[in-house]
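**Student:** I'll drop the sequence and a predicted model, then ask my questions.
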Amino acid sequence: MTDKTDLSDGSFGFETRAIHAGQHPDPSTGAVVTPVYLTSTFVHSAPGEYAGYDYSRAGNPTRAAYEACVANLEGARFGFALASGCLGTTTAMHLLSQGDHVIACDDMYGGTYRLFETVFRRCGLDFSYVDMTDPAALEAALRPETRMVWLETPTNPLMKLIDIAAVAEIAHATGAQVMVDNTFMSPYFQRPIELGADLVLHSTTKYINGHSDLIGGVVITDDEDLAERLDFLNCSMGGIQSTFDTYLCLRSLKTLAIRMQAHADNAMAVARFLEAHPKVAGVAYPGLESHPQHELARRQASGFGGMVSVTLEGGLEAARKMMADVRVFTLAESLGGVESLIEHPGLMTHASLTPEKQAEVGITPGLLRLSVGIETQADLIEDLERALAGV
Ligand SMILES: *Cc1c(COP(=O)(O)O)cnc(C)c1O
């Protein structure tokens, strides 16, 4: 059997690495596609002697191929596949100890906020939330015991941007580590580790798997010490992603580049259409010249993603009518799948925030969030046009 060269090298392009990195023809059969190794345990030739794997919580060849591939796409060496994005956050938070302080951005995934406030605060971690679109606000919030700076960019659902390199510089000056939730952009458009971040999280439920058929998360780092500690935590806490689901994620990575291009093309067309519509009060999409941080979007990412937020002139009533009238867009939470979704942050994804907190971050009754899928662009526009005509 010919030994295939390793195509993980950075001299190969993103699309080539997405298809080949971490993967080799199966040594026992020659199968080109990495098999789904559905086994909990592996044979020992003598006590303690085995060929690389002994138990699937500690490691599994299918999961290992996927972890190597997804880490490679983020420009890093180590990836840890977990059962959900939230479990990725949970595992990474266990890098910290009682008394440590975390600074997080103030407009973040609601589930992450809930985890910090209701679970990790009880375990003795302290959290501050700042508007990191202004790096000076981060500087002011730093304390001697600050160990981690946590951010998402673009933020959810308002699509505000945070300058990853600027944050990393400020955080590193005091020895804090930077973790970026890169779910919205995927490594195809944005690679935080290359901009100075220490850790990257993805809810792979979203763009990385991209087909809305599983829940998963991954934590990625290029730091050997962090990787060793995450490996230990992952094995000890046992939050690993199932072998079958890692196979699905590995399969999905192969089309990540073309899916992201299609999401972004459609999102740009939808954003431009909405921006010009008389019943629309505002559109937040980093690709629009009207986005207040459009220059930063161009600088730190190679594209603008598939998420668009729109505010209707008619407020809640118009938003409800629009959600009822669309037929290509589906009314549902989540994002990043091939199908287009529409949702109301105030009533759905961000309903756990108090009305005051919603108002403070800018979640208004007329705000709708669109996850623009990869259906025929004209069908998406026509769907929105028809629904808007009735509001
Ligand atoms: C969905 C999501 C999460 C949580 O991931 P799960 O896979 O649902 O556990 C975290 N961050 C962002 C930005 C998300 O969209």
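**Tutor:** Good, I have the coordinates.

**Student:** Next, count neighbours for residue 228.
**Tutor:** Using other Cβ atoms under 10 Å, residue 228 has 12 other residues around it. C-betas here are computed from N, CA, C, even on glycine.

**Student:** helices and strands around the strand or helix carrying it, which ones?
**Tutor:** Using DSSP states H and E, residue 228 sits in helix 224-237. Packing partners of helix 224-237 (3 or more Cβ pairs under 8 Å, 6 or more residues apart in numbering; DSSP states H and E): strand 78-82, helix 85-93, strand 217-221.

**Student:** Next, format those as JSON lines and append mean pLDDT and distance to the ligand.
**Tutor:** Putting the helices and strands packed on helix 224-237 into JSON lines (pLDDT from 0 to 100; distance: least, Cβ to the nearest ligand atom, whole Å) gives the following:
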{"stretch": "strand 78-82", "mean pLDDT": "98", "distance to the ligand": "9"}
{"stretch": "helix 85-93", "mean pLDDT": "98", "distance to the ligand": "2"}
{"stretch": "strand 217-221", "mean pLDDT": "98", "distance to the ligand": "5"}
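
**Student:** any idea which helix or strand carries residue 271?
**Tutor:** Assigned by DSSP H and E, residue 271 belongs to helix 256-275.

**Student:** per-residue confidence averaged over that helix?
**Tutor:** Here helix 256-275 scores 98 as its mean pLDDT.

**Student:** Need the residues that contact the following helix or strand past that helix.
**Tutor:** Using DSSP H and E, the next helix or strand after helix 256-275 towards the C-terminus is strand 280-284. With contacts defined as Cβ atoms under 8 Å, 6 or more residues apart in numbering, strand 280-284 is touched by 158-159, 271, 274-275, 290-291, 308-313, 366, 388.

**Student:** gap between stretch 164-176 and the chain center?
**Tutor:** 21 Å (Cα atoms, centre = their mean, to the nearest Å).

**Student:** what does it rub up against?
**Tutor:** When contacts are defined by Cβ under 8 Å, 6+ apart, stretch 164-176 is touched by residues 103, 132, 135, 138-139, 142, 144, 146-149, 151, 153, 177-178, 180, 190, 192, 195-198, 300.

**Student:** Of those, keep whichever come out buried.
**Tutor:** The neighbour-count criterion (16 or more other Cβ atoms under 10 Å) marks 103, 132, 135, 138, 142, 146-149, 151, 153, 177-178, 180, 190, 192, 195-198, 300 among the contacts of stretch 164-176 as buried.

**Student:** Out of the residues you listed, name the ones that lie in helices.
**Tutor:** Using DSSP state H, the subset of the buried ones among the contacts of stretch 164-176 located in helices is 135, 138, 300.

**Student:** wait, doesn't the last one sit right on residue 195?
**Tutor:** Yes - the criterion here is Cβ atoms under 8 Å, and residue 300 meets it with residue 195 at 6.1 Å.

**Student:** mind listing the strands in the stretch 251-391 of the chain by residue range?
**Tutor:** Assigned by DSSP state E, counting those that start in this stretch, the strands in the stretch 251-391 of the chain fall at 280-284, 307-312, 330-331, 341-343, 367-371.
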